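Enquirer: pasting a predicted model and its sequence here:
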Amino acid sequence: MTVEKKTNYGSIKVSEEAVASLAGGVITECYGVVGMASRKFVKDGLAELLKKENYTKGVVVRRNDNGLEIDLYIMVSFGVKISEVVQEAQKKVKYVLQRSLSEEIAAVNVFVQGVQVIE
């Protein structure tokens, strides 16, 4: 699945991996987010914290009738109000993706895979 735009000069195609990488970079900058987590639990129900080059493993991009739907899997910091962190992260990701891609974002779903203590 790619995001495609037609202009007077030709067409622009943005890959799903590029959209996922952009969304992962944006959400990791949000307050209270420790980092991206893998969609799949490793062993013993623990989530793996992803490095910058692997953000696409923690993001799912789908297209539906209303636009793009983004699923993000994250780890949050201990001691923060999870609902507020997630709500602000959703707003920021939606805003940045809409501005960057000129595409309607139907939903930004955030799945908290774990809580991590930062020392």
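Expert: Structure received.
Enquirer: just the helices from this structure, written as ranges.
Expert: Secondary structure of the chain (DSSP state H): helices located at 16-28, 82-101.
Enquirer: now, of these, which is deepest in the fold?
Expert: Mean neighbour count, computed with mean count of other Cβ atoms under 10 Å, is highest for helix 16-28 among these, reaching a mean of 20. Heads up, the C-betas are built off the backbone N, CA and C, glycines and all.
Enquirer: kindly format the C-alpha coordinates of that one as CSV.
Expert: The C-alpha trace of helix 16-28 is given here as CSV (Å, rounded to 0.1, in the frame of the first residue of the first chain):
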residue,chain,number,x,y,z
GLU,A,16,4.0,2.3,3.7
GLU,A,17,7.4,2.0,5.4
ALA,A,18,8.1,5.7,5.0
VAL,A,19,4.7,6.6,6.6
ALA,A,20,5.4,4.1,9.4
SER,A,21,8.9,5.6,10.0
LEU,A,22,7.5,9.1,10.1
ALA,A,23,4.7,8.1,12.5
GLY,A,24,7.2,6.3,14.7
GLY,A,25,9.6,9.3,14.8
VAL,A,26,6.8,11.6,15.7
ILE,A,27,5.3,9.6,18.5
THR,A,28,8.7,8.9,20.2
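Enquirer: give the other helices and strands that it contacts.
Expert: The contact analysis (3 or more Cβ pairs under 8 Å, 6 or more residues apart in numbering; DSSP states H and E) places helix 16-28 against strand 33-36, strand 59-64, strand 67-77, helix 82-101.
Enquirer: distance to Lys13 and mean pLDDT for those - can I get that in a markdown table?
Expert: Shown next, in a markdown table, are the helices and strands packed on helix 16-28 (distance: least, Cβ to Cβ, whole Å; pLDDT from 0 to 100):
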| stretch | distance to Lys13 | mean pLDDT |
| --- | --- | --- |
| strand 33-36 | 24 | 88 |
| strand 59-64 | 13 | 90 |
| strand 67-77 | 14 | 92 |
| helix 82-101 | 11 | 94 |
